[in-house]
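Engineer: structural data only, the sequence is not supplied:
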């Protein structure tokens, strides 16, 4: 490798991370189409009490879930060619790093349980940091 050739990090790890995150994001498609009574039962099961009856809440829940689905599809697409989509992957990683503390703030101010805050904010931050490392780490020389 000469000095002009950029380091691509660990492309196989990048692809695996993106596919895993994409698969997790795709699971949220069920929340896009879930009936109100299912969401109410899930809310109760998670220990968050009775789900308020609100058109805005239903819209934000379904819309937010759809954004996760679209993000999952984009991650799968980027995982298929990490060299071509490297700039988008690095940007996505930085967005996740920034989103970790933002999710922590949102979760704190909306009263989410501690386990949810840890799962939501910390997993996003950790994913972003590991993906950044995988993009910039230099593979060992042969």
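Structural biologist: Yes, it's here. Everything numeric here is computed off the predicted structure, so don't read it as measured data.
Engineer: where in this structure is pLDDT low?
Structural biologist: Within the chain, the set of residues satisfying pLDDT under 70 comprises 1-7, 139-142.
Engineer: what about the helices in it?
Structural biologist: Counting by DSSP state H, the chain has helices at residues 11-26, 29-33, 36-45, 55-79, 86-110, 114-117, 123-136.
Engineer: tell me what the shortest one is packed against?
Structural biologist: The elements that helix 114-117 packs onto, with contact taken as 3 or more CB pairs under 8 Å, 6 or more residues apart in numbering; DSSP states H and E, are helix 86-110. C-betas here are computed from N, CA, C, even on glycine.
Engineer: ditto for the third one
Structural biologist: In this structure, helix 36-45 makes packing contacts with helix 55-79, judged by 3+ CB pairs under 8 Å, 6+ apart.
Engineer: now do the helix it packs on and helix 123-136, the angle between them.
Structural biologist: With axes from the mean of the first three to the mean of the last three CA atoms, to 10 degrees defining the directions, helix 55-79 sits at 20 degrees from helix 123-136.
Engineer: list of residues touching helix 55-79?
Structural biologist: By CB atoms under 8 Å, 6 or more residues apart in numbering, the residues outside helix 55-79 that reach it are 14-16, 18-19, 21-26, 28-29, 31-33, 36, 39, 51, 85, 88-89, 92.
Engineer: tilt between that helix and helix 86-110?
Structural biologist: Helix 55-79 and helix 86-110 are oriented at 150 degrees to each other (the same axes, to 10 degrees).
Engineer: buried residues, helix 55-79. List them.
Structural biologist: By neighbour count on 16 or more other CB atoms under 10 Å, the buried set for helix 55-79 is 61, 65, 68-69, 71-72, 74-76, 78-79.
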